[in-house]
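Student: with the input below, show me the fold.
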Amino acid sequence: MNPLMEVASAIQLAVAPAFLLTAIGATLTVMTNRLARIIDRFRVLNEGRAKLSNDDLLELNMLRLRAKWTHWAIALTTLSALLTCIVIASIFIGTEIQFNFDQFIAFLFIGAMSALIFGLISFTREVTLSKNVVKQ
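Tutor: Just a heads-up that it's a prediction; the model follows:
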């Protein structure tokens, strides 16, 4: 195969992970916005710390817990994005140096999907905690 065809083939292989990267980026935006809202509410409650009611103290503890789950969701989803970037780079590097990175790419992609799964589970946990507060 000529070099131009090899690069074209690599581009075709990299398209799906590139779309995945776009979706991960949008998901990260949602997660960081939720974290920002949690932090804002925490700051509002913390300003009047001396006169907090028991309900406010419970809310502060819940906000801490939600922030922890959101942080894990962001960290794991970011790891997924980084691994996806390495997958894309590996596709092109393997094409350029004529080296078979198939197993390495498969391992990275499995890692990216695993990190994304656990990131989404963490995010779902945070949303559930948030919903339970409203329910009470």
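Student: pLDDT at the spatially most central residue of the chain, what is it?
Tutor: Centroid check for the chain by CA atoms, centre = their mean gives residue 77 as the closest residue, at 1.7 Å. Note for residue 77: predicted pLDDT of 99.
Student: and for residue 70?
Tutor: Looking at residue 70, the pLDDT reads 98.
Student: also residue 14?
Tutor: Predicted confidence (pLDDT) for residue 14: 82.
Student: just checking, what packs against the host helix or strand of residue 106?
Tutor: Assigned by DSSP states H and E, residue 106 falls within helix 102-135. Judged by 3 or more CB pairs under 8 Å, 6 or more residues apart in numbering; DSSP states H and E, the packing partners of helix 102-135 are helix 3-47, helix 54-97. Where C-beta positions appear, they are placed from N, C-alpha and C, glycine not excepted.
Student: now do the one helix or strand in the chain whose mean pLDDT sits lowest against helix 102-135, angle only.
Tutor: Ranked by mean pLDDT, DSSP states H and E, the helix or strand of the chain with the weakest confidence is helix 3-47, at a mean of 91. Using axes from the mean of the first three to the mean of the last three CA atoms, to 10 degrees, the direction of helix 3-47 lies 30 degrees away from that of helix 102-135.
Student: list the helices and strands helix 3-47 packs on?
Tutor: helix 54-97, helix 102-135.
Student: so which of these is the most packed in?
Tutor: helix 54-97 (a mean of 17; mean count of other CB atoms under 10 Å).
Student: tell me what that one is packed against?
Tutor: Under the contact rule (3+ CB pairs under 8 Å, 6+ apart), helix 54-97 is packed against helix 3-47, helix 102-135.
Student: how distant is the shortest one from the center of its chain?
Tutor: To tie it back to what came earlier, the one meant is helix 102-135. On the basis of CA atoms, centre = their mean, to the nearest Å, helix 102-135 sits 7 Å off its chain's mean C-alpha point.
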